[in-house]
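**Student:** Structure here, sequence nowhere to be found:
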């Protein structure tokens, strides 16, 4: 059994990373959160480390959340937070095994997803 949920949060606005981190900590006080404001740095981290959950913004410079989710290993649960939900195709999400949450992200939804992931990883 793993002792901690490994979560990567990516948003080009550092304040949003902090808010989402707090949402995660409500459901998983022992979660290890790795926050990034630069999606390319997040991708490098994800490819080199164990990650259970990715929560990412959709529209970001250099690498959008959909492309970041696509570069993330299949076993990682992916959540894309977007103000442009209607521009993301359902087929695209199905292929990525990702869910989309409309901005502003609901604390209740984030906490629910984190709780599900804790159960999956045996925490």
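**Tutor:** It's in. Given the structure is predicted, the values throughout are model-derived calculations rather than measurements. Numbering: from 1, shown residues only.
**Student:** wait, doesn't residue 114 sit right on residue 52?
**Tutor:** No. At 9.6 Å, residue 114 does not count as touching residue 52 under the criterion of Cβ atoms under 8 Å. In this view, the C-beta of every residue, glycine as well, is placed from N, C-alpha and C.
**Student:** Name the residues contacting each of the two.
**Tutor:** Taking Cβ atoms under 8 Å, 6 or more residues apart in numbering as the contact criterion, the residues that touch both residue 114 and residue 52 are 5, 7.
**Student:** host element of the residue most central in space within the chain?
**Tutor:** Centrality entry for the chain: nearest residue to the mean C-alpha point is residue 55, 1.2 Å, by Cα atoms, centre = their mean. Here residue 55 sits within strand 53-57, counting by DSSP states H and E.
**Student:** Does residue 118 belong to a helix, a strand or coil?
**Tutor:** Following DSSP: H, G, I helix; E, B strand; the rest coil, the label given to residue 118 is helix.
**Student:** swap in residue 81?
**Tutor:** Going by three-state DSSP, the secondary structure assigned to residue 81 is strand.
**Student:** That one pairs with what?
**Tutor:** Residue 81 has the following beta-bridge partners by DSSP bridges: residue 57, residue 101.
**Student:** Give the burial count for it, as a bare number.
**Tutor:** Using other Cβ atoms under 10 Å as the criterion, residue 81 is surrounded by 26 other residues.
**Student:** Surely the residue nearest to the centre of the chain and residue 10 touch.
**Tutor:** Yes. With the criterion set as Cβ under 8 Å, residue 55 and residue 10 qualify as a contacting pair; they are 7.3 Å apart.
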